[in-house]
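Colleague: Below is the sequence, then the predicted model.
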Amino acid sequence: MSFNIRCANCDDGVNGWEQRKNLVLDRILAYAPDLLGLQECRGDGQAQYLIKNLPEYFFFGMPRGGESKTALEMAPLMLRKECFELLDGGDFWLSEEPDEPGSLSWGCQFPRTVSWARLRLKATRQELLFANTHFDLVPAARRHSAELLRSWLMDNSAGCSAILTGDFNASKRSRVYKTLTQDGQLLDTWRQANPGARDQATSHGFGNPRARACIDWVLVSPGLHVLSASVDTFTQSGRYPSDHFPLRVEIE
């Protein structure tokens, strides 16, 4: 599952985090994903709420850092403990200095990170690379981020399958999408599972039709077979869990 849960310090009024955090938790529990990539999760109370209520998962990520109001935001991973052995993991920044916390490049509005884990499936002993990210709003920064991430995946996924989740803040007509999927290095799980179907919006601005966009993707290496992919459009009494719908994918 990939799920942008909307940061807790946003001025969302009736859609604030305290009013919808139980819905976020309910949607995660409804599917109980083995792998979960979150975006806009702050490293304070928001992360602690999920860690406390999802004890069956490993949780790790790195706050963006820097001087802005988004410094505590991260794009963390949650990994079901009963399914995986955690072999290695880490974080890097989408910048010209990827090992420098809070680093900014290419006119990026905020620092942006990638969190990743190398896993061994307990059932099959196969290894898997899982990465999660949240791209910037500035087009040039997104393009360079896609090039950096593609190169990193090529260097680090040798000998194992890879899954990439994220909010890419770009359409599937963009250079970002083309960079990540060119030459078949990564496949779009939605299109693999729903051939010929229109892409379904994930971002919706708490039900605003003008804000609908398909910017949350799950991409996988060709060795993985996609069984299904669906956007969870659940609401409860008119309240949305987030301003994004979670994208849920079943992979064999």
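Modeller: Cool, the structure landed. Numbering: from 1, shown residues only.

Colleague: pLDDT value on Gly107, please?
Modeller: For Gly107, the pLDDT comes out at 97.

Colleague: meant to ask about Asn4
Modeller: The predicted local confidence for Asn4 is 98.

Colleague: partner residues bridging it?
Modeller: On the basis of DSSP bridges, Asn4 is bridged to Gln39.

Colleague: Please enumerate the strands of the stretch 101-250 of the chain.
Modeller: Taking DSSP state E, counting those that start in this stretch, the strands of the stretch 101-250 of the chain run over residues 113-121, 127-134, 161-167, 187-188, 216-220, 226-231, 247-251.

Colleague: Quick check: mean pLDDT of the fourth one?
Modeller: Per-region confidence: strand 187-188 scores 98 on mean pLDDT.

Colleague: Please apply the same query to the fifth one.
Modeller: Averaged across strand 216-220, pLDDT comes to 98.

Colleague: From the chain's centroid, how far away is that strand?
Modeller: Taking Cα atoms, centre = their mean, to the nearest Å, one finds strand 216-220 lying 8 Å from the centre of the chain it belongs to.

Colleague: sorry, back to before: now for the strands of the stretch 101-250 of the chain, which one comes closest to Lys69?
Modeller: The minimum distance between Lys69 and these falls on strand 127-134, with 15.0 Å, by Cβ to Cβ. The way it works is simple: take the backbone N, C-alpha and C, and place the C-beta from them, glycine included.

Colleague: what lines up beside the closest one in the sheet?
Modeller: Short version: by DSSP bridges, strand 127-134 pairs with strand 113-121 (antiparallel), strand 161-167 (parallel).

Colleague: Okay, now the unreliable bits of the stretch 101-250 of the chain?
Modeller: The stretch 101-250 of the chain contains no residues with pLDDT under 70.

Colleague: Kindly recompute the last result at 90.
Modeller: 158-159 (pLDDT under 90).

Colleague: got the contact list for Gly223?
Modeller: Ser161 (Cβ atoms under 8 Å, 6 or more residues apart in numbering).

Colleague: how close does it get to Gln185?
Modeller: 11 Å (Cβ to Cβ, to the nearest Å).

Colleague: cool, and Tyr240?
Modeller: Applying Cβ to Cβ, the value for Tyr240 to Gln185 is 34 Å.

Colleague: The residue sitting nearest the centre point of the chain bridge partners, please.
Modeller: Geometric centre of the chain, nearest residue: Gly166, 2.9 Å, by Cα atoms, centre = their mean. Per DSSP bridges, residues listed as beta-bridge partners of Gly166: Thr133, Trp217.

Colleague: That one against Phe130, yeah?
Modeller: No: applying Cβ atoms under 8 Å, one finds Gly166 not in contact with Phe130, separated by 11.4 Å.

Colleague: which neighbours do these two share?
Modeller: Gly37.

Colleague: Which elements pack onto the helix or strand encompassing Ile51?
Modeller: Using DSSP states H and E, Ile51 sits in helix 45-53. Judged by 3 or more Cβ pairs under 8 Å, 6 or more residues apart in numbering; DSSP states H and E, the packing partners of helix 45-53 are helix 17-31, strand 57-60.

Colleague: Ranking the ones you listed by mean neighbour count, which comes first?
Modeller: strand 57-60 (a mean of 19; mean count of other Cβ atoms under 10 Å).

Colleague: Dump that strand to PDB, keeping only the CA atoms.
Modeller: Included here for strand 57-60 are C-alpha records, laid out as PDB according to Å, rounded to 0.1, in the frame of the first residue of the first chain:
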ATOM      1  CA  TYR A  57       5.100  -3.600  11.900                       C
ATOM      2  CA  PHE A  58       8.700  -2.400  11.800                       C
ATOM      3  CA  PHE A  59       8.600   1.400  11.300                       C
ATOM      4  CA  PHE A  60      11.500   3.500  10.100                       C
END
